Every structure is written in structure tokens, then in C-alpha cells.
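**Q** have a look at this prediction, sequence included:
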Amino acid sequence: MRVFNCDHCGHLVFFDSVRCLHCGSTLAFLPDQLTMGALAPAPQRGAQFWQRRGCGEHVAADAPFYRMCRNHTDYDACNFAIPAEDNADLCPSCRQTRRLPDLSQPANLGRWKQIEAAKRQLFYTLARLGLEPAPGQSGPVFEFLAEWPGSPQVLTGHHAGTITLNVAEADDAERAQRRVALGEPYRTLLGHLRHESGHFYWDRLVRDGGGLVAFRTTFGDERADYAAALANHYARYGAHGDWQSQHVSSYATAHPWEDWAETWAHYLHLVDLLETAASYQTRVTVPHPQAAQQHQITDPFADPRPSFDDMVGQWVPLTLMLNSLNRSLGQSDAYPFALSGGALRKLRFVHDLVRAVGTRRPPG
């Protein structure tokens, strides 16, 4: 995701910023504009209203009015603002969450805040792709649930438009334990949400969008017994053969639905990281004794938008540099994957489908 500048003083600010450290302006993300805005109180409109400041000393009379999301006001858990004419008290991201754990428990409150932060990042990327709000409705429904003694196990997953996440995934130690137990090289809150959103958009874009024939040619027949496929996957844990030649991850071999969701998540990884690097005007030089190769990272949302081949050509050296930087700090690889020709073919399928839908539906 890109970095932003305070539209009052020009100082660098970030997607999750709530105050400009240079000029002190209150900041909020404006989902109707897909940008950060510096806001000033607007008592002439009402106690809860704000107005976009702009770069002058005085707020323009015609500057748009906003209200803060109720989760910002009540819990300090959101930095999205709502246009004044929108009667909802929750922002477009927060209103998608329908069930919460018991927030009177401090641990649950902290976990929920982390999950909502990851969900807002997902919302941003989907909106930039022209997919949020989702075709035909406002987007997926989210349920963030906690286990308690005697209660059923909470499984992270997607069913009929609802994405469920066990809030324990917000605990670093718990998530790391599960990552090791399942043999996963990568496990993050944002990764979970991206993966599960893939199941949601498979329903909307592939099943309901007339893409089943092309999907089956690329990923396989999703009509295969899903429960049996998952049971077989975990039964042969650690013995998945040469999955790298056709899949982005070992888990993607379990079933065509999981192959799609893993590929979808990787595509969102690719788009988000390229946008971040492009906003810093990153140029990557891959050392070579005869002829070093230089790659200028291009914003994937630039006009005209780069081709899939150009994006992949920039992605590979960028992730090499990213992993090298992580190792310099004694950390594991941030992107512990190597994309094969078979995996890239599936990523291209996702790219082409998203581009086709996004060009018909303007972002935001």
C-alpha cells in the first residue's frame, strides 16, 4: 500500500496515521476518496463533524464534511472517516463486521483492534482494484470470534459470504505455534483475510461470473469432494511431492478452491507490495559481474496500468531485496516463496479476471 502526504503541510503520513507529527493535524482515511485527509473540527455543522483542511490556513467553505467512524470514537479502533451525508455510524470497513468477541475482555479488545487494522488494509486494496464494494452487494461479512471453555472450536474460514476468524490468530505466539504445527512458511492476519476473501470473490467472480470453464481448465474441477480433499491433504502432511511446479504453496494442492484462494492472496500480496515500493520511487538493481539489471518499480494502479509480465518482472527483484533486508536484521524471509511457471499461469488468470471486472467498476 502506498504512503501518503498530509494534505495540510505535505509531511509524510501512513495509512494507519491518526495525527500528523509535523503540523499536528487530525488525520483520517477517507474511503470515498481512497486517500488520507487532514481534518479540522466543524462546529458549525455539529459537534461530531469534521471538515477537510487542505493546504491553506483557513478551511475552504466548500470543503467536504465528515464524521469519524463510531469504532474510532468508542474504542480508538479505526481511523476511517464517513462522509457527512452517509447516515451510517460505522465506516464501510467496520460495518462489514457482524459478530465480535466479548470486548469487555481486554485481550479480546486488543485482538479485535489488530484484526480490524488488517481488514482495513484488505478493504483498501480491494477498493483500489475496483472490487470493493463487491459486485452485487456491500462485500463479505466478517465474524471475529473467541473460544471459551466448553465452547465449540472456532475455525477460520469462509461460508456463504461470511468470513470467520478466530481472534487467537492476533496473538503472535499462538499464530507462530500454528504456523509451525501446520508446516507453513507464512502466516499473518492479513494473509488470512486475503486468503478467505479469495473464497468470497470466487463465488462472485468465477461461479456467478460465468468463469467456471476457464477456472477448471486452470485450477482443476472444484466439484471434487472438498472435505475428503482436505482430510487427504492433512493425512499426507509433509509428503506433497513436487507442488512447487504448479502451485504457490503446499496448501494450494489440497483442492482447487484452496489453490484459487492461495493464488488470490498472493496476487494481493503482489499488488500491495508493488504499490508500496512505487510510492517510494524504488529502483532495484540486481548485481551482476557483467551487466547489472535495473528495475524501476511501477505503481500497479498507474494509468496506463502495467502488464502482468511487467509486474512479475518487478516483483522478483523486489522480493529478493526485501528478503535480503530481512536477513540483514536477523529475520526470516518476508516472502518465503518462489513462483514457478505453473503458479504464474494461475496468477495471470486472477490478474486478467480482476482487471476485467475493475475496468467496468471505477474504484471507490
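**A** Thanks, I have the structure now.

**Q** would you point out the helix or strand in the protein whose mean pLDDT is lowest?
**A** Least confident helix or strand of the chain, by mean pLDDT, DSSP states H and E, is helix 172-181 with a mean of 72.

**Q** so how far is it from its chain's centroid?
**A** 21 Å (CA atoms, centre = their mean, to the nearest Å).

**Q** buried residues, it. List them.
**A** Judged by neighbour count using 16 or more other CB atoms under 10 Å, the buried positions of helix 172-181 are 175, 178. Using the backbone N, CA and C atoms, a C-beta is placed for each residue, glycine as well.

**Q** right, and the helix or strand after that helix?
**A** helix 189-201 (DSSP states H and E).

**Q** I'd like the next helix or strand past that next one.
**A** helix 212-219.

**Q** can you name every helix or strand that that following helix contacts?
**A** helix 256-279, helix 341-358 (3 or more CB pairs under 8 Å, 6 or more residues apart in numbering; DSSP states H and E).

**Q** ok, and what's touching the shortest one?
**A** With contact meaning CB atoms under 8 Å, 6 or more residues apart in numbering, helix 341-358 is reached by 129-131, 135, 205-206, 209, 211, 214-215, 218-219, 244-248, 259-260, 263-264, 266-267, 270, 305, 308, 311-312, 339.

**Q** that older thread, hmm, who's touching the least confident helix or strand of the chain?
**A** 168-169, 184-189.

**Q** of the residues you listed, which is the nearest to Ala88?
**A** Closest approach to Ala88 among the contacts of helix 172-181 (CB to CB): Leu189, at 24.7 Å.

**Q** which residue packs closest to the closest one, ignoring adjacent ones?
**A** Ala118 (4.1 Å; CB to CB, 6 or more residues apart in numbering).

**Q** domain ranges for this structure?
**A** Using automatic domain parsing, the domain parsing of the chain gives 4-91, 97-358.

**Q** so, low pLDDT: which residues of the stretch 251-364 of the chain?
**A** In the predicted model of the stretch 251-364 of the chain, residues 359-364 satisfy pLDDT under 70.

**Q** try the stretch 1-150 of the chain
**A** 134-138.

**Q** would you map the strands across it?
**A** Assigned by DSSP state E, counting those that start in this stretch, the stretch 1-150 of the chain shows strands spanning 4-5, 12-13, 26-30, 35-41, 49-52, 65-68, 81-83, 97-99, 141-145.

**Q** as a markdown table, the ones you listed with distance to Pro106 and mean neighbour count would be great.
**A** As requested, the strands of the stretch 1-150 of the chain are exported to a markdown table (distance: least, CB to CB, whole Å; neighbours: other CB atoms under 10 Å):
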| stretch | distance to Pro106 | mean neighbour count |
| --- | --- | --- |
| strand 4-5 | 31 | 16 |
| strand 12-13 | 29 | 18 |
| strand 26-30 | 26 | 23 |
| strand 35-41 | 29 | 20 |
| strand 49-52 | 29 | 20 |
| strand 65-68 | 23 | 22 |
| strand 81-83 | 27 | 22 |
| strand 97-99 | 19 | 13 |
| strand 141-145 | 16 | 20 |
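
**Q** in a markdown table: those, plus distance to Trp112.
**A** As requested, those are exported to a markdown table (distance: least, CB to CB, whole Å):
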| stretch | distance to Trp112 |
| --- | --- |
| strand 4-5 | 25 |
| strand 12-13 | 24 |
| strand 26-30 | 18 |
| strand 35-41 | 23 |
| strand 49-52 | 24 |
| strand 65-68 | 18 |
| strand 81-83 | 20 |
| strand 97-99 | 9 |
| strand 141-145 | 6 |
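
**Q** which one of those strands lies closest to Leu274?
**A** Counting by CB to CB, Leu274 lies closest to strand 4-5 out of those; the figure is 16.7 Å.

**Q** who touches the closest one?
**A** With CB under 8 Å, 6+ apart, strand 4-5 has contacts from 11-15, 17, 35-36.

**Q** how close does the residue of the chain positioned farthest from its centre sit to Ser324?
**A** The outermost residue of the chain relative to its centre, with distances by CA atoms, centre = their mean, is Gln290 at 39.0 Å. Applying CB to CB, to the nearest Å, the value for Gln290 to Ser324 is 21 Å.

**Q** that older thread, which of the contacts of helix 172-181 are buried?
**A** For the contacts of helix 172-181, buried by 16+ other CB under 10 Å: 168-169, 186, 189.

**Q** from those residues, pick the one nearest Asp89.
**A** Leu189 (24.9 Å).
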